[in-house]
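[1] one predicted model, sequence on top.
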Amino acid sequence: MFKIAVIPGDGIGTEVTSQAVRILKKASRILNEQIDFVDLKAGGIAIDTFGKPLPEQTLSTALACDAVLLGAVGGPKWDNLPYELKPEQALLGLRKSLELYANIRPAIMFDALTASSSLKPDIVKGIDMVVVRELTGGIYFGRPAGILEEDGIRRGVNTMTYSEPEIERITHTAFKLAKSRNKHVTSVDKANILHTSMLWREIVNKVAKENYSDVRLDHMYVDNASMQLIRNPKQFDVILTENMFGDILSDEASMLTGSIGMLPSASIGGKHALYEPVHGSAPDIAGRGLANPVASILSAAMLLEYSIKQKELARKIFQAAEKVLNEGYRTADIATDGTTRLTTEQMGEKIEAAI
Ligand code: IPM
Ligand code: MG
C-alpha cells in the first residue's frame, strides 16, 4: 500500500490536483496496487482555516506519507500578511522539513505545441532538457535574513551561502540524471563575482572528475545561460544550478515550450519526495475550468516514476497527454485556431481515457 499526501492549496491548485488524483487512481487500478490519498491544507486556505500557512498536522502527516502531491499556493488575498504568515512559507517549510534538496524540472517541447512557443519553431522543436535546481540552500534560506534597522536606517538583508556537502549532493543528482539521458551537464553559476559560485564550480568539477568521466561538463555564467536559453535552447541536456538561479531559469525554460501550464516537477531528497506543477496558483483564472491540468498530471507521472518506481506507466501517462494534444484538444492557455477547447476536467478525462 502506498500513501500520498494531497495538498491542493489555492487558486487553480485545487482544480489541477483533482485531475492528477484522477490519473493516480487510474494508475492504482492498472497496477492493482492500493494507493491511499490523504487530503491536507497548506497555503492561503490553511491561513484561513488554521491561522497559519503550514499547520503542524499537515507537516506531520506529509512526513509520514510516501509522497506528497501539491497544487499551488498563494494569491493576492494573502499578499500583505507578515513574512512568516505568507502562503509561500508553506512551500519553503515543506521543502526544508522534508529535506527536498533537489528540484527536478523537465522542459519538454511537445511537437503539437511548437506553434504555441513565442520562439521560432526550428529553435524550439524537440527541446528536451531538465533543470536540476538546488532547493534547500542558497539565498532562500541563508542567515542573517530580514529587514534590519540600525541608527534609524532600515536595511534589507539576505545571505547566499552553500556548504561543500550541499553542493556535492545536488551535483550527484544532476550527473546521475545526465547519465540516463544525453550525458551532458551545464552547471550555471556566477563564479566571476560570487564566492558561493566559486566554491560551487570547484566542487562540481571535483565530483564530476572523480565519478562521472563519461558525462560532459560545461560551466556557464547565469546571465549568459539566460541568453543561451532563448538563443539555442537545444544545446542543453541537464542544467545544474543553485536555488535562486534555478527558480528564474526554470520559468524561462518552461515558457520556451509554449506554456508554463505544461511542466511538472519533482522535489526529492533522502527520504521524502514532493511533486508539483511548476506553475503557480493563477488566482485570475481560478475556479473557471480554464486551468491546464497537464503539468499536474505529469507531476503525478513523475511520482509514479520516482516514488513508486513505475517508469513504464509514467511513460504511458506522458504519451497519453501527448496523444490528446496531437488530437487537437487544448485548454485555454494553449488553444490555437482549429483546436478543440476543453475545460480542466475534460482534459483530465481525455488523458485518463488515453492511457
Ligand atoms: C517556485 C516558486 C517558489 C520559489 C515560490 C512560490 C516560493 O516560484 O517553486 O519556483 O520561488 O521557489
Ligand atoms: Mg519559481
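    Good, I have the coordinates. Ligands and ions are numbered 1, 2, ... in the order given.

[2] show me what contacts residue 106?
    Applying CB atoms under 8 Å, 6 or more residues apart in numbering, we find residue 106 in contact with 128, 129, 130, 131, 263, 264, 265. Placement of C-beta: from N, CA and C, glycine included.

[3] that one pairs with what?
    According to DSSP bridges, the residues that bridge with residue 106 are residue 130.

[4] relative to residue 152, how far out is it?
    For residue 106, the distance to residue 152 equals 49 Å [CB to CB, to the nearest Å].

[5] ok so, going back, highest neighbour count among the contacts of residue 106?
    Counting neighbours by other CB atoms under 10 Å, the top entry in the contacts of residue 106 is residue 131, with 30 neighbours.

[6] OK, contacts around it?
    Contacts for residue 131 (CB under 8 Å, 6+ apart) come out as 103, 104, 105, 106, 107, 239, 241, 246, 249, 250, 253.

[7] now do residue 340
    Residue 340 touches 328, 329, 330, counting by CB under 8 Å, 6+ apart.

[8] next one: residue 27
    Going by CB under 8 Å, 6+ apart, residue 27 touches 35, 300, 304, 308, 310, 313, 317.

[9] picking up where we left off before, possible to save the contacts of residue 131 as TSV with distance to ligand 1, secondary structure and pLDDT?
    TSV is the format used below for those (distance: CB to the nearest ligand atom, whole Å; DSSP: H, G, I helix; E, B strand; the rest coil; pLDDT from 0 to 100):
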residue	distance to ligand 1	secondary structure	pLDDT
103	8	strand	98
104	12	strand	98
105	8	strand	96
106	14	strand	96
107	13	strand	95
239	14	strand	98
241	13	strand	98
246	8	helix	97
249	10	helix	96
250	6	helix	93
253	12	helix	93
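
[10] and those, which two are furthest apart?
    Using CB to CB, the two most remote members of the contacts of residue 131 are 106 and 241, lying 14.6 Å apart.

[11] remind me, longest helix of the protein?
    The residue-count maximum for a helix in the chain (DSSP state H) belongs to helix 12-31.

[12] pull out the buried positions in that one.
    Buried residues in helix 12-31, counted by 16 or more other CB atoms under 10 Å: 12-24, 26-28.

[13] which residues touch the residue nearest to residue 191 when sequence neighbours are not counted?
    What sits nearest to residue 191 in space, not counting adjacent residues and going by CB to CB, 6 or more residues apart in numbering, is residue 197, at 4.1 Å. Counting by CB under 8 Å, 6+ apart, residue 197 makes contact with 189, 190, 191, 242.
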